[in-house]
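Enquirer: below is the sequence, then the predicted model.
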Amino acid sequence: MSPLGLLARVATARRDDDAVRLQLPGGERLTVRPVRPQDADAAQVFVRSLSPASRVLRFHIGIKELAPAMLRAMTDVDPARHVALVVQREGGDGALVADARYVREEGDPSTAEFAIAVADEWQGRGLGRRLLAHLVEHARAHGVRKLYGDVLHENRRMIALLREAGGRFAPVPGDARLTRGVVALA
């Protein structure tokens with residue numbers, strides 16, 4: 001079985017409409033669903049709650065919060081090009097604990113850039129692996145043949161995750177801090 005096939009089998013999920021319910025090995029229950037424009041406040045709280053190091057790993061710069069235009073771009077998406085998922089805890093406050101997305105290239109819709117962010121206290125529990133599996137499954141079903149993500153060299157978890165998914169790495173022209181992880185879906 002391919003690395004991606006193994007990766008896709010990791011998720012124990014139940015689908016309800018556009019939402020997928022997950023149960024992590026520790027018993028925590030989460031809901032994965034498409035982002036909505038009304039998630040803007042929760043998305044901003046999520047980004048603010050990330051540690052400074054996690055924000056740098058996700059955005060490649062030291063931000064404290066999303067600028068209004070970036071917040072709008074991340075929550076009011078064009079579903080034909082931009083697939084964005086948020087993960088909420090079930091019960092309690094329903095806070096966002098992760099965000100995963102891919103955006104198709106304008107000139108080549110068979111190629112898409114992806115990104116995943118997981119709240120610090122949820123890292124190391126397999127959530128990033130499951131989110132990548134969801135992105136891969138969705139992208140493949142919608143004609144995407146290649147997912148890529150630009151990753152800081154110090155982002156060892158993302159590099160390991162991409163290697164596990166069969167990803168290949170190449171330099172990013174013009175930015176020696178980054179490596180481009182590419183996962184072929186064909």
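Expert: Cool, got the structure.
Enquirer: lowest-pLDDT helix or strand in this structure?
Expert: Between all helices and strands in the chain, the lowest mean by mean pLDDT, DSSP states H and E belongs to helix 3-9, at a mean of 36.
Enquirer: what helix or strand is residue 99 on?
Expert: Taking DSSP states H and E as the definition, one finds residue 99 inside strand 96-104.
Enquirer: so which elements touch that strand?
Expert: helix 40-49, strand 82-89, strand 111-118, helix 127-141 (3 or more Cβ pairs under 8 Å, 6 or more residues apart in numbering; DSSP states H and E). Every C-beta, even on glycine, is put in place using the N, C-alpha and C of the backbone.
Enquirer: which of the ones you listed sits closest to residue 152?
Expert: When those are compared by Cβ to Cβ, strand 111-118 sits nearest residue 152, at 12.0 Å.
Enquirer: can you list the strands that the closest one pairs with?
Expert: According to DSSP bridges, strand 111-118 forms sheet pairs with strand 96-104 (antiparallel), strand 146-152 (parallel).
Enquirer: next, the buried residues of that strand.
Expert: 111, 112, 114, 115, 116, 117, 118 (16 or more other Cβ atoms under 10 Å).
Enquirer: how about the strands paired with strand 111-118 in TSV, adding mean pLDDT, mean neighbour count and distance to residue 40?
Expert: Output for the strands paired with strand 111-118, formatted as TSV (pLDDT from 0 to 100; neighbours: other Cβ atoms under 10 Å; distance: least, Cβ to Cβ, whole Å):
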stretch	mean pLDDT	mean neighbour count	distance to residue 40
strand 96-104	97	22	11
strand 146-152	97	20	24
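Enquirer: now these as a markdown table including distance to residue 23?
Expert: Output for the strands paired with strand 111-118, formatted as a markdown table (distance: least, Cβ to Cβ, whole Å):
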| stretch | distance to residue 23 |
| --- | --- |
| strand 96-104 | 14 |
| strand 146-152 | 25 |
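Enquirer: closest one to residue 132 among these?
Expert: strand 96-104 (7.3 Å).
Enquirer: so how far is the closest one from its chain's centroid?
Expert: From the chain centre to the centre of strand 96-104 is a distance of 4 Å (Cα atoms, centre = their mean, to the nearest Å).
Enquirer: what angle do that strand and helix 127-141 make?
Expert: Taking axes from the mean of the first three to the mean of the last three Cα atoms, to 10 degrees, strand 96-104 and helix 127-141 form an angle of 30 degrees between their directions.
Enquirer: related to what we said a few turns ago, can you tell me which of the strands paired with strand 111-118 is nearest to residue 27?
Expert: With Cβ to Cβ as the criterion, residue 27 lies closest to strand 96-104 of the strands paired with strand 111-118, at 14.9 Å.
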